[in-house]
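Asker: Sequence first, predicted model second:
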Amino acid sequence: MHNDIGSIVLTEEQIEAACARLGKQLTEDYNGKLPLCVGILKGSVLFMTDLIKHIDTHVEIDFMDVSSYHGGTESTGEVKILKDLGTSVEDRDVIIIEDILETGTTLNSIIDLLKYRKANSIEIVTLLDKPSRRKVDIEAKYVGEKIPDDFVVGYGLDYQEKYRNLPYIGLLKEEVYMK
Ligand code: PRP
Ligand code: MN
Ligand code: MG
């Protein structure tokens, strides 16, 4: 375990089991539909690569990067597109892949945009869900694990851009972010 990590929230084995379970559900639900899997950069990258290995039907993949405008500590709910899709979503069945769903403001804006672009269907798969942080009415159909409002890093999730490469999800020691 990395020295900055106080405890593990999801082990590599638990993550793998979640990917297998969610991949199986997606295989059943999207069999024959050729969905477009949209990974939201950068947090979703590790989860997306492991998850899609468990989807046993044809899929396409693409990526989007967005950033929230932060006017102080509260998000304004507006997002700026830093990298857009290269694929048209019109009439497509879109599966948005996220590492974590918290306030929901990021996904809410992305979903509005995909609806405006006439996606046929939009569902969310997220490895982690923090329902206690929600500010907008949005739920993921496919959830790996619901977690309390603790600051987690690893497996794509960062603190100041670090720890994304950890193969597990853990709690950062308080002394690390008090520094
Ligand atoms: C994080 C996380 C989600 C989003 C969740 O991304 O990966 O995309 O925040 O928060 P919300 O539900 O409150 O909108 P971040 O903006 O930190 O970018 P990153 O993925 O590049 O770390
Ligand atoms: Mn993200
Ligand atoms: Mg981040």
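Answerer: Ah, there it is. Ligands and ions are numbered 1, 2, ... in the order given.

Asker: What ranges does this protein have for its helices?
Answerer: 12-30, 45-52, 105-116, 174-178 (DSSP state H).

Asker: how far out from the middle of the chain is the last one?
Answerer: Here the centre of mass of C-alpha atoms in helix 174-178, compared against the chain's by Cα atoms, centre = their mean, to the nearest Å, lies 25 Å away.

Asker: now the longest one
Answerer: Relative to its chain's centre, helix 12-30 lies at 14 Å (Cα atoms, centre = their mean).

Asker: contacts for it?
Answerer: 10, 35, 47, 50-57, 59, 93, 95, 125, 127, 142, 144-145, 155, 167-169 (Cβ atoms under 8 Å, 6 or more residues apart in numbering). Any C-beta I mention is one placed from the backbone N, CA and C, and that applies to glycine too.

Asker: And the residue nearest to Asp158 when sequence neighbours are not counted, how far from Leu171?
Answerer: Leaving out its chain neighbours, the residue that sits closest to Asp158 by Cβ to Cβ, 6 or more residues apart in numbering is Arg164, at 4.9 Å. Using Cβ to Cβ, to the nearest Å, we find Arg164 at a distance of 16 Å from Leu171.

Asker: Now list the buried members of the contacts of helix 12-30.
Answerer: Taking 16 or more other Cβ atoms under 10 Å as the criterion, what is buried in those is 10, 35, 47, 50-52, 54-55, 59, 93, 95, 125, 127, 142, 144, 155, 168-169.

Asker: hang on, the earlier thing: look at the residue nearest to Asp158 and say how many residues are nearby.
Answerer: 17 (other Cβ atoms under 10 Å).
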